[in-house]
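Asker: Give me coordinates for this.
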Amino acid sequence: MAKTVVIHEYGGADVMQIEDRPVGDPGPGEIRIAHKACGLNFIDCYQRSGLYPLDLPLTLGMEAAGVIEAVGEGVTHLKVGDRAAYAAMPPGAYSEARVMPAAQVCPLPDGVSFEDGAAMMLKGMTAQYLFHRTTPLKAGDTVLFHAAAGGVGLIACQWARSEGITLIGTAGTDEKCQLALDHGATHCINYRTQDFAARVRELTDGAGVDVVMDAVGADTFEGSLDSLKPLGMMISFGNASGPVPPFSLSILGQKGSLKVTRPTLFTHIAEHDTCQEMARHLFSKVLAGDVKIRIDQRFELDNVVEAHKALEARKTTGCTILLP
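Answerer: I've put the predicted structure just below:
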């Protein structure tokens, strides 16, 4: 039996329950993993609330790190006793142990701790696809990154710095802005006290940025479009403030023949080889010291309700992990 976080209905953080559930043995193409740490992400809140509906009852959690306990037939890239980490469907990472498909579970280098592995897989591979798989970016380009002091944001600040990309961040307090600057942002705008789109124009001498990376959603979408250069790319990859409302495509033409995309990590990692390659790229950044994983909140698995409430209230910085 393994302690597991389950919901039987959609709703606020209080709908989460902890149950003891049987784990079982892996079938073909599966592994059983004993978790040492589990990551917390906004997608978990979206699934819990029903914004991203999945079948109920639902076990929550999309990323974790631990030790492989058993390997099913056909699995060749992992063996019993290996250290491993993942960000993958289906949910179920908020648990002491689970059986899951092996394809997106990645060998974890010895130089990366279980806590860092659990904290960085979803956020770090998100940064990888934002900078390398969504639109061409090169040294000297400028990006606007919202929520730059969050888990993905602090990784993105460091990633941009390591590749010579100018990153203009936004955050909701001066303290969070300083955190982003300390992690590699070139500039950071307090969106509560400044019009971020106007400030972006000032910082870029009126030109605007090449790319916007926006996981905030409704609150920032229009200002993000107004921050782009002609032919610029808007990457909307999350909905922390709620989903972007419907808009007319003609607005993109009026604002400079802009491009908009709505990617998800799980599309990018769907193929085994691609997922493993992205993970190796992320690990190489961490092992080289280009990216350091900042874990600012640790909660026992029993305190998962408190953890979700802190994340949704934007009281967190960096990464948050759950400890089984």
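Asker: so residue 13 sits right up against residue 48, yeah?
Answerer: Yes. At 7.3 Å, residue 13 counts as touching residue 48 under the criterion of Cβ atoms under 8 Å. The way it works is simple: take the backbone N, C-alpha and C, and place the C-beta from them, glycine included.
Asker: Look at those two and report which has more neighbours.
Answerer: residue 48 (25 against 17; other Cβ atoms under 10 Å).
Asker: looking at it, the more buried one is touching residue 11, isn't it?
Answerer: Yes. Between residue 48 and residue 11 there is a contact under Cβ under 8 Å: 7.4 Å.
Asker: Name the residues contacting each of these two.
Answerer: Common contact partners of residue 48 and residue 11 (Cβ atoms under 8 Å, 6 or more residues apart in numbering): none.
Asker: Quick check on the residue positioned nearest the centre of the chain: phi, psi?
Answerer: Nearest residue to the geometric centre of the chain (Cα atoms, centre = their mean): residue 123, 3.0 Å. Phi and psi for residue 123, reported as degrees, to the nearest 10, are phi -70, psi -40.
Asker: which residues touch it?
Answerer: Taking Cβ under 8 Å, 6+ apart as the test, what residue 123 contacts is 39, 41, 151, 152, 155, 319.
Asker: re the thing from before, could you name every residue contacting both of residue 13 and residue 48?
Answerer: residue 308.
Asker: How much space separates the nearest residue to residue 20 once chain neighbours are set aside from residue 252?
Answerer: Counting by Cβ to Cβ, 6 or more residues apart in numbering, residue 20 lies nearest to residue 1, which is 4.4 Å off, once chain neighbours are set aside. Using Cβ to Cβ, to the nearest Å, residue 1 is found at 53 Å from residue 252.
Asker: Those two: which is more packed in?
Answerer: residue 252 (16 against 10).
Asker: packing partners for whichever strand or helix holds residue 159?
Answerer: Element membership for residue 159, per DSSP states H and E: helix 151-162. Secondary-structure packing of helix 151-162 (3 or more Cβ pairs under 8 Å, 6 or more residues apart in numbering; DSSP states H and E): helix 114-132, strand 142-145, strand 166-171, helix 174-182, helix 272-287, strand 319-323.
Asker: mind running it again at 7 Å?
Answerer: Packing contacts for helix 151-162, counted by 3 or more Cβ pairs under 7 Å, 6 or more residues apart in numbering; DSSP states H and E, involve helix 114-132, strand 142-145, strand 166-171.
Asker: just how off-centre is that helix within its chain?
Answerer: Computed by Cα atoms, centre = their mean, to the nearest Å, the separation of helix 151-162 from the middle of its chain amounts to 12 Å.
Asker: Just want the angle from it to strand 166-171.
Answerer: 160 degrees (axes from the mean of the first three to the mean of the last three Cα atoms, to 10 degrees).
Asker: quick one: buried residues of helix 151-162?
Answerer: 151, 152, 153, 154, 155, 156, 157, 158, 159, 160, 161 (16 or more other Cβ atoms under 10 Å).
Asker: what angle separates that helix from helix 272-287?
Answerer: If you take the same axes, to 10 degrees, helix 151-162 sits at 70 degrees to helix 272-287.
Asker: Restrict helix 151-162 to CA atoms and write it as PDB.
Answerer: Presented in PDB, the C-alpha positions along helix 151-162 are these (Å, rounded to 0.1, in the frame of the first residue of the first chain):
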ATOM      1  CA  GLY A 151       9.600  27.900 -10.600                       C
ATOM      2  CA  VAL A 152       9.800  28.000 -14.400                       C
ATOM      3  CA  GLY A 153      10.700  31.700 -14.300                       C
ATOM      4  CA  LEU A 154      13.900  31.400 -12.200                       C
ATOM      5  CA  ILE A 155      15.000  28.500 -14.400                       C
ATOM      6  CA  ALA A 156      14.200  30.600 -17.500                       C
ATOM      7  CA  CYS A 157      16.200  33.600 -16.200                       C
ATOM      8  CA  GLN A 158      19.300  31.400 -15.800                       C
ATOM      9  CA  TRP A 159      18.700  29.600 -19.100                       C
ATOM     10  CA  ALA A 160      18.500  33.000 -20.900                       C
ATOM     11  CA  ARG A 161      21.600  34.300 -19.300                       C
ATOM     12  CA  SER A 162      23.600  31.100 -20.200                       C
END
